[in-house]
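Visitor: Sequence isn't available, so here's the structure alone:
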Ligand SMILES: *Cc1c(COP(=O)(O)O)cnc(C)c1O
């Protein structure tokens, strides 16, 4: 039976709509009713089945997991897509996500050895290959339009460059990204990559994307697509390393361990939640935020209150500077007994009352502990102190985001329970903070030495949705 996908807000349950398949939702963003896609149920593995997964290599494990969700792709095809994605050549080692042990029971799972040195590559590299495959099968094409403040854009471009049927139009705030981030994107010379530097801030870029996407005629005519963090395939790809990390630190499936996850849009830790729902023995999922603590506030108090752009702080862990957590609605759906009417009601409150509070609703609040989430937040000073302490004690360099995770992990350690902290970026991406913490520049992988000096290719544009539309029309018209 094929896995069917439904919306958190209910579409897909109607008699005339039995839900969509994995490939149907692969290229889509929000569900038509404004909700997010989720599988109708999660596959659950027995202890024996888990044992059979132990010892698999990364690509084999990825196939075992992803094939349960992407079951409308013939197994042999999916296998070759996964095998070509998770290679030592792309991720630096056959482990793909190697483990570093700081001390007995405390580990870092390295997720940032892909092309752009951040964990997003793990999912995005798979997405690039899946897009090319599905577009080819359907004889279709897509023009990805996105906005980035750094990490997502470069990860997407490095995954989509040279892929047939895909073009990327990426907006970024002109002269606001770090020189390293600019170089990672702007030095790409591939014909299907278009970098647009907008005279404005990140929010202006995002508003332009929204304005273009709201023009449904333009969107349909130019086949505008997205690769943002709500993409379901990205979540599924991230489930894999929770299994990998679990098997790396345990000898049997009787042991429960905890994961600490630097969080922004709730995509990474949502994958941990799904791994746990699938039967992986996870004790706690520790949601670590920076000063932008909308998620920490929810898990501590039951109050969910997305912030406005003015309230959103710029911090030294910039990839976690979010005002609302786009993937949170998927957890809410599970928390609310997978009842779309209940989700719709809370999201209505978010839209009209600025948020909601479930702490007064005993039915919901007493279910919370069963999901294993705990949370905490950290400050700039915490990050700097954590980076320093880890260097002094273990001679390991961690970046500011990983430091947020480790700091909150240390506040939530339990005797006898192993802790795995997810490393989400390499220090080389955030030189200024590393200099502040350690008094010197971080180690930069060889391949990235001097990338700031490569020739760059980008267009500067006013913060005007009309201008980006004309640009897309012009480029696509000319290519045809
Ligand atoms: C995107 C990102 C995060 C946040 O991940 P979410 O899935 O949005 O919670 C954390 N750290 C780094 C380095 C990132 O790029």
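Guide: Arrived safely. These numbers come from a predicted model, not from an experiment. Numbering: from 1, shown residues only.
Visitor: Which parts of the stretch 1-150 of the chain are helices?
Guide: 22-26, 47-53, 58-69, 75-85, 88-91, 120-137 (DSSP state H, counting those that start in this stretch).
Visitor: got it, and the stretch 201-350 of the chain?
Guide: Using DSSP H, counting those that start in this stretch, the helices of the stretch 201-350 of the chain run over residues 202-214, 216-221, 232-249, 267-277, 294-301, 328-335, 340-353.
Visitor: Can you pull the residues of the stretch 251-400 of the chain lying near the ligand?
Guide: Proximity of the stretch 251-400 of the chain to the ligand, by C-beta under 6 Å from any ligand atom, involves residues 262, 263, 264, 265, 266, 267, 268, 319, 320. Just so you know, the C-beta spots here come from the backbone N, C-alpha and C atoms, and that holds for glycine as well.
Visitor: thinking again about what came up before, tell me the most buried of the helices of the stretch 201-350 of the chain?
Guide: Most buried of the helices of the stretch 201-350 of the chain, by mean neighbour count (mean count of other C-beta atoms under 10 Å): helix 267-277, with a mean of 25.
Visitor: Report the angle between it and helix 328-335.
Guide: Angle of helix 267-277 versus helix 328-335, following axes from the mean of the first three to the mean of the last three C-alpha atoms, to 10 degrees, is 20 degrees.
Visitor: Highest average neighbour count across the helices of the stretch 1-150 of the chain: which stretch is it?
Guide: For these, average neighbour numbers computed from mean count of other C-beta under 10 Å are highest in helix 120-137, which has a mean of 22.
Visitor: picking up where we left off before, just so I know, which of the helices of the stretch 1-150 of the chain lies nearest residue 279?
Guide: helix 47-53 (6.4 Å; C-beta to C-beta).
Visitor: quick one: contacts of that closest one?
Guide: Helix 47-53 is contacted by residues 45, 61, 64, 243, 247, 253, 279, 280 when judged by C-beta atoms under 8 Å, 6 or more residues apart in numbering.
Visitor: Output these in a markdown table, with pLDDT appended to each entry.
Guide: Shown next, in a markdown table, are the contacts of helix 47-53 (pLDDT from 0 to 100):
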| residue | pLDDT |
| --- | --- |
| 45 | 96 |
| 61 | 98 |
| 64 | 98 |
| 243 | 98 |
| 247 | 98 |
| 253 | 96 |
| 279 | 98 |
| 280 | 98 |
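Visitor: okay, those in CSV with distance to residue 9 next?
Guide: Putting those into CSV (distance: C-beta to C-beta, whole Å) gives the following:
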residue, distance to residue 9
45, 29
61, 32
64, 31
243, 30
247, 36
253, 36
279, 27
280, 28
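Visitor: And residue 82, how far from residue 56?
Guide: 12 Å (C-beta to C-beta, to the nearest Å).
Visitor: okay, and for the stretch 351-480 of the chain, where does confidence drop off?
Guide: 478-480 (pLDDT under 70).
Visitor: where do the strands sit along it?
Guide: In the stretch 351-480 of the chain, the strands defined using DSSP state E, counting those that start in this stretch lie at 356-357, 373-377, 419-423, 459-462.
Visitor: Which of those has the highest mean neighbour count?
Guide: By mean count of other C-beta under 10 Å, the strands of the stretch 351-480 of the chain have strand 419-423 as the most buried, with a mean of 28.
Visitor: Look up the closest residue to residue 187, ignoring the ones flanking it.
Guide: The shortest distance from residue 187 to any non-neighbouring residue, by C-beta to C-beta, 6 or more residues apart in numbering, is to residue 454 (4.0 Å).
Visitor: quick one: that neighbour and residue 185 touch, right?
Guide: No. Using C-beta atoms under 8 Å, residue 454 makes no contact with residue 185, being 11.2 Å away.
Visitor: Take the helices of the stretch 1-150 of the chain and lay them out in JSON lines including distance to residue 398.
Guide: Supplementary listing: the helices of the stretch 1-150 of the chain in JSON lines, determined by distance: least, C-beta to C-beta, whole Å:
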{"stretch": "helix 22-26", "distance to residue 398": "33"}
{"stretch": "helix 47-53", "distance to residue 398": "29"}
{"stretch": "helix 58-69", "distance to residue 398": "22"}
{"stretch": "helix 75-85", "distance to residue 398": "26"}
{"stretch": "helix 88-91", "distance to residue 398": "19"}
{"stretch": "helix 120-137", "distance to residue 398": "17"}
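Visitor: closest one to the ligand among those helices?
Guide: helix 120-137 (5.3 Å; C-beta to the nearest ligand atom).
Visitor: before we move on, the earlier item: more neighbours: which of residue 454 and residue 185?
Guide: Taking neighbours as other C-beta atoms under 10 Å, residue 454 and residue 185 compare with residue 185 leading, 26 against 13.
Visitor: per-residue confidence at that one?
Guide: On pLDDT, residue 185 comes in at 96.
Visitor: right, quick check: stretch 33-44 against the ligand, any contact?
Guide: No. With C-beta under 6 Å from any ligand atom as the criterion, the ligand is not reached by stretch 33-44; the gap is at least 13.6 Å.
Visitor: what's the offset of that stretch from the middle of its chain?
Guide: Mean-position distance between stretch 33-44 and its chain equals 17 Å (C-alpha atoms, centre = their mean, to the nearest Å).
Visitor: Repeat that for stretch 160-167.
Guide: Distance, centroid of stretch 160-167 to centroid of chain: 20 Å (C-alpha atoms, centre = their mean).
Visitor: do you know how far the residue nearest to the spatial centre of the chain is from residue 141?
Guide: Centroid-nearest residue in the chain: residue 267, 4.6 Å away (criterion: C-alpha atoms, centre = their mean). Applying C-beta to C-beta, the value for residue 267 to residue 141 is 26 Å.
Visitor: Buried residues in stretch 393-404, which are they?
Guide: By 16 or more other C-beta atoms under 10 Å, the buried positions in stretch 393-404 come out as 397, 398, 399, 400, 401, 402, 403, 404.
Visitor: Nearest to residue 303 among those residues?
Guide: Proximity of those to residue 303 (C-beta to C-beta) peaks at residue 404, which lies at 21.1 Å.
Visitor: if I read this right, the closest one contacts residue 262, doesn't it?
Guide: Yes. Counting by C-beta under 8 Å, residue 404 does reach residue 262; the two are 4.8 Å apart.
Visitor: Name the residues contacting each of these two.
Guide: Both residue 404 and residue 262 are in contact with 288, 317, 320, where contact means C-beta under 8 Å, 6+ apart.
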